[in-house]
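A.B. asks: heads up, no residue letters with this:
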């Protein structure tokens, strides 16, 4: 039960940090005033990013290994998950024809890897 609560806490924290990463990526590109397009499409953009990122994190077992001291393997899993999230997110967004500036994709990957390593 305690492991389940800890995993759930990590998932909730990841969703919060993904939201922050998305906002910071868009704010870095366009300034802290979000454009009308991003405000209108926020839930679609955020929902797809969250789904892709959580799926990648689960695929790389980031929620299964509840470690206190990380090894090189966990670092590689974090980097792999962050890069995979960015690539798959890019493909999903283009598949659904939702346009985002290319630099926002790059910034999402950077902020996501930064936050995953925390």
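C.D. replies: That came in fine, so what should we check first? Just so we're clear, the structure is a prediction, and the values are computed from it rather than from any experiment. Residues are numbered from 1 along each chain as shown.

A.B. asks: where do the helices sit along the chain?
C.D. replies: 2-30, 36-40, 42-59, 72-95, 102-116 (DSSP state H).

A.B. asks: tell me the mean pLDDT over the first one?
C.D. replies: This predicted structure assigns helix 2-30 an average pLDDT of 88.

A.B. asks: which of the residues in it are buried?
C.D. replies: Using 16 or more other Cβ atoms under 10 Å as the test for burial, helix 2-30 gives 11, 14, 17, 18, 21, 22, 23, 24, 25, 26, 29. For the C-beta atoms, the positions are set from N, CA and C on the backbone; glycine is no exception.

A.B. asks: Same list (those residues) but as JSON lines, adding distance to residue 54.
C.D. replies: Listed next are the buried residues of helix 2-30 as JSON lines, based on distance: Cβ to Cβ, whole Å:
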{"residue": "11", "distance to residue 54": "7"}
{"residue": "14", "distance to residue 54": "7"}
{"residue": "17", "distance to residue 54": "12"}
{"residue": "18", "distance to residue 54": "8"}
{"residue": "21", "distance to residue 54": "13"}
{"residue": "22", "distance to residue 54": "14"}
{"residue": "23", "distance to residue 54": "18"}
{"residue": "24", "distance to residue 54": "19"}
{"residue": "25", "distance to residue 54": "18"}
{"residue": "26", "distance to residue 54": "20"}
{"residue": "29", "distance to residue 54": "24"}
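
A.B. asks: So, low pLDDT: which residues of this protein?
C.D. replies: Counting by pLDDT under 70, the chain has low-confidence residues at 65-70, 118.

A.B. asks: Mind doing that once more with 50?
C.D. replies: Along the chain, segments meeting pLDDT under 50 are nowhere present.
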